[in-house]
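Enquirer: quick one: sequence and predicted model below, then my questions.
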Amino acid sequence: MSKPAIQSIELSKHYGRNAALDSITLNIPEEGIIGLIGRNGSGKTTLLKLCAGLLDVTSGSLLVFGAKPMDNLSVLQDVIYSYHNIIYYKPLKLRTIMDNYAAMFSSFDLEFARKLLRYFGLDEDWKYTRLSQGMAGIFNFTCALSSRARLTLLDEPLLGMDITVRKTAYEVLLRDFTEHPRTIIVSSHMLAELEAVLSDILLIDEGRLVLFDNIDNLRQSAYRIEGEKQAVDAFSAGRAVIYRRDGLGCEAVIRELYDQRVLEEVGRYGLRVSTVRPEDLCIYLTRENKEGELECLWTTSN
């Protein structure tokens with residue numbers, strides 16, 4: 001049996017008194033496209049940098065392909081960490097940067113990188129410092145994907161790109177993964193766009209692991225009921241309600257397997273039922289319930 005791509009036990013990373021990651025235990029198998037989801041400041045970048053050997057753990061353990069990644073060249077030769085706005089301190093041409101990647105990664109496919117650049121309308125002779133934010137994102141995405149590294153870590157790779165380019169990039173990502181299976185982790189807060197290419201979702205919030213599951217399982221792991229308050233109260237009693245809204249009608253989101261049994265039971269209560277998208281589930285699991293506090297914005301103080 002192959003070793004997991006990433007394995008952590010009670011992994012924590014502190015910056016002074018602040019915990020960027022708090023006691024995260026994970027076991028990520030090889031070969032999959034994992035969406036690393038969370039709000040800004042949730043710890044996504046810290047987790048990726050730890051896996052890339054750019055940071056050391058504060059406590060707990062972290063293994064990448066069975067070994068500690070920090071200062072470990074035997075591991076890091078199979079790992080690439082990329083983000084949309086990498087800074088190069090010299091005015092290098094794109095071809096020079098790609099040549100450097102090819103020298104660092106024996107698996108780097110230079111011909112594929114060149115084809116991808118042409119497809120996105122970039123010229124190898126352009127200087128990186130002259131690229132727009134969107135173009136720089138495309139270039140860095142191209143280099144990361146072309147590395148074909150066993151562990152590819154993409155930190156908000158598509159910021160600054162328009163929606164058409166992002167959709168094309170997702171298609172390229174999925175096709176290249178199909179042709180060259182490996183472990184790809186994409187950090188993003190735009191799950192709705194990514195959902196079609198993901199095999200799993202890893203959700204963290206305030207440095208803590210909220211869930212890690214197959215996306216197909218998540219699509220059936222929660223449902224929404226709507227109807228009269230009395231019926232909603234009766235049906236949801238004893239169930240894991242993760243969101244509730246009362247008003248002219250009543251709505252509740254329940255986290256449990258949505259199957260035929262639930263469908264039949266909901267019908268007996270005269271309630272409407274619908275599935276919950278993975279993106280919405282992530283929001284419900286990490287949001288602070290401040291809806292009632294909104295009223296203060298329109299309250300006149302005396």
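Expert: Here it is on my side, so go on.

Enquirer: drop to CA atoms for contacts and neighbour counts, all remaining ones
Expert: Will do.

Enquirer: flag every buried residue along stretch 171-179.
Expert: 173-174, 177 (16 or more other CA atoms under 10 Å).

Enquirer: cool, stretch 30-46 as well?
Expert: 30-39, 42-46.

Enquirer: could you list which of those belong to helices?
Expert: 44-46 (DSSP state H).

Enquirer: avg pLDDT for the longest helix belonging to the chain?
Expert: Longest helix in the chain, counting residues (DSSP H): helix 163-179. Taken as a whole, helix 163-179 has a mean pLDDT of 93.

Enquirer: quick one: name whatever helix or strand follows it.
Expert: Next helix or strand after helix 163-179 toward the C-terminus (DSSP states H and E): strand 183-188.

Enquirer: for the longest helix of the chain, which helices and strands make contact with it?
Expert: Helix 163-179 sits against no helix or strand, with contacts defined as 3 or more CA pairs under 8 Å, 6 or more residues apart in numbering; DSSP states H and E.

Enquirer: so what touches it?
Expert: Contacts with helix 163-179, where a contact means CA atoms under 8 Å, 6 or more residues apart in numbering, come from 33, 145, 158, 193-194, 197.

Enquirer: then stretch 102-112?
Expert: 77-78, 98-99, 101, 146-149.

Enquirer: what about stretch 40-56, average pLDDT?
Expert: 93.

Enquirer: just to revisit the earlier point, is it possible to get a markdown table of the ones in helices among the buried residues of stretch 30-46 that adds distance to F139?
Expert: Formatted as a markdown table, those follow (distance: CA to CA, whole Å):
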| residue | distance to F139 |
| --- | --- |
| K44 | 22 |
| T45 | 20 |
| T46 | 23 |
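
Enquirer: which one of these is nearest to R219?
Expert: K44 (22.6 Å; CA to CA).

Enquirer: got a list of what that closest one touches?
Expert: 36-38, 187, 204.

Enquirer: selection in ChimeraX covering whichever of the contacts of stretch 102-112 are buried, please.
Expert: In ChimeraX, this line selects whichever of the contacts of stretch 102-112 come out buried by 16+ other CA under 10 Å:
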select :78,98,101,146,147,148,149
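
Enquirer: wouldn't S59 be in contact with I9 here?
Expert: No. The pair S59 / I9 is not scored as a contact, 9.3 Å apart, by CA atoms under 8 Å.

Enquirer: just want the angle from the longest helix of the chain to strand 183-188.
Expert: 160 degrees (axes from the mean of the first three to the mean of the last three CA atoms, to 10 degrees).

Enquirer: poorly predicted segments of the chain, please.
Expert: Flagging of the chain using pLDDT under 70 yields the residue ranges 1-2, 288-302.

Enquirer: beta partners for the residue positioned nearest the centre of it?
Expert: For the chain, L36 is the residue whose C-alpha lies nearest the centre (CA atoms, centre = their mean; 2.2 Å). L36 has these beta-bridge partners by DSSP bridges: S187, L202.

Enquirer: from L281, how far off is it?
Expert: 14 Å (CA to CA, to the nearest Å).

Enquirer: now do L158
Expert: Here L158 is placed at a distance of 23 Å from L281 (CA to CA).

Enquirer: now D125
Expert: Taken as CA to CA, the span from D125 to L281 is 45 Å.

Enquirer: domain map for this structure?
Expert: As given by automatic domain parsing, the domain ranges for the chain are 6-218, 220-298.

Enquirer: please identify the most buried of these.
Expert: Highest mean neighbour count among the domains of the chain (mean count of other CA atoms under 10 Å): domain 6-218, with a mean of 18.
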